[in-house]
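Asks: Fold the following, please.
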Amino acid sequence: MYNRVGTKKVAIVTTSWDDGHPLDIRLAEILDRYGMAGTFYIPLSYGGFPVMAQEEMRALRAMGMEIGSHTLTHPSLTKLRKHQALHELVESKKMLEDMVGELIVSFCYPAGKFNSMVRSWVIEAGYKLARTTLAFRIDRKFDPFCMPVSLQFFPHAHVVPIRHALKEGNLLGLINWYRLWKMENDLIKLLELLLEYILKNGGVLHIWGHSWEIEKFHLWGVLEEALRCIANLPDVLYLTNSQILDPVQQ
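Replies: Just a heads-up that it's a prediction; the model follows:
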């Protein structure tokens, strides 16, 4: 069954952040200050890339953020054999559960790469949700193992999301972007359009990104401006990724 967020026009905002960089703590503190929720997808190792320590993960949880798996080593799961992929999926889940002391139910496909086989392996590994990078989506009804997003928190040129949408077969996202939001790529203007749409029609505004990318491209001020636009609205639910699947939260 696909997720159904009620039948009324429910407006939901959720955020998710990939790669588990230690700067996620700074990001979580900003989200918390604006009353926002986030799901942080953490690999246990990522080559020479820094990842969060156990105490940092627990600090995230203390702020009400969700921890999700991003595999053990951030491989492209579509290039692995089943036993290799299941090792990445199952062991990362177990290790994170040991580290934070609770069930890990959410997963994010590394680099957004997945297919029907990988999807089935995620289910077999015991997750309840898997987030993709299928953009420009505000769906209230979605396959929980192909959870879409609305926008990446990064100022891409127009050609980048078009290329990604075509590569991923995300025709619906392209149509949404063209028809509903006039192919806007300014982050603040696009967020305002997305928010206006879900307030009127219901839906899920899902922002995703990387804290290391926000640091590298000096986007912290833009992030705060964005959060001021969308935070603390009386008719909006601010949820983690997995909370969207929980009818009690609706």
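Asks: roughly how far is stretch 153-167 from the heart of the chain?
Replies: Centre-to-centre, stretch 153-167 and its host chain are 17 Å apart (C-alpha atoms, centre = their mean, to the nearest Å).
Asks: gap between the two ends of it?
Replies: 20 Å (C-alpha to C-alpha, to the nearest Å).
Asks: which residues sit against it?
Replies: 133, 135-136, 170-171, 173-174, 177, 183, 185-187, 207-209, 213-214, 217, 219, 223, 226 (C-beta atoms under 8 Å, 6 or more residues apart in numbering). Where you see a C-beta, it was placed from the backbone N, CA and C, and this is true even at glycine.
Asks: Output the below-cut-off pLDDT ranges for the protein.
Replies: 1-8, 247-250 (pLDDT under 70).
Asks: What are the boundaries of the helices in it?
Replies: Taking DSSP state H, the helices of the chain run over residues 24-33, 54-62, 82-100, 116-124, 159-168, 171-179, 187-201, 211-216, 220-230.
Asks: Just put those helices in a markdown table and tack on mean neighbour count and distance to residue 76.
Replies: Listed next are these as a markdown table, based on neighbours: other C-beta atoms under 10 Å; distance: least, C-beta to C-beta, whole Å:
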| stretch | mean neighbour count | distance to residue 76 |
| --- | --- | --- |
| helix 24-33 | 19 | 22 |
| helix 54-62 | 16 | 24 |
| helix 82-100 | 17 | 10 |
| helix 116-124 | 15 | 9 |
| helix 159-168 | 15 | 14 |
| helix 171-179 | 16 | 21 |
| helix 187-201 | 17 | 27 |
| helix 211-216 | 18 | 19 |
| helix 220-230 | 16 | 28 |
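Asks: To residue 150, which of these lies closest?
Replies: Taking C-beta to C-beta as the criterion, helix 187-201 is the member of these that comes nearest to residue 150, at 5.6 Å.
Asks: How far away from the center of its chain is that closest one?
Replies: Taking mean C-alpha positions (C-alpha atoms, centre = their mean), helix 187-201 and its chain are 18 Å apart.
Asks: tell me the angle it makes with helix 171-179.
Replies: If you take axes from the mean of the first three to the mean of the last three C-alpha atoms, to 10 degrees, helix 187-201 sits at 100 degrees to helix 171-179.
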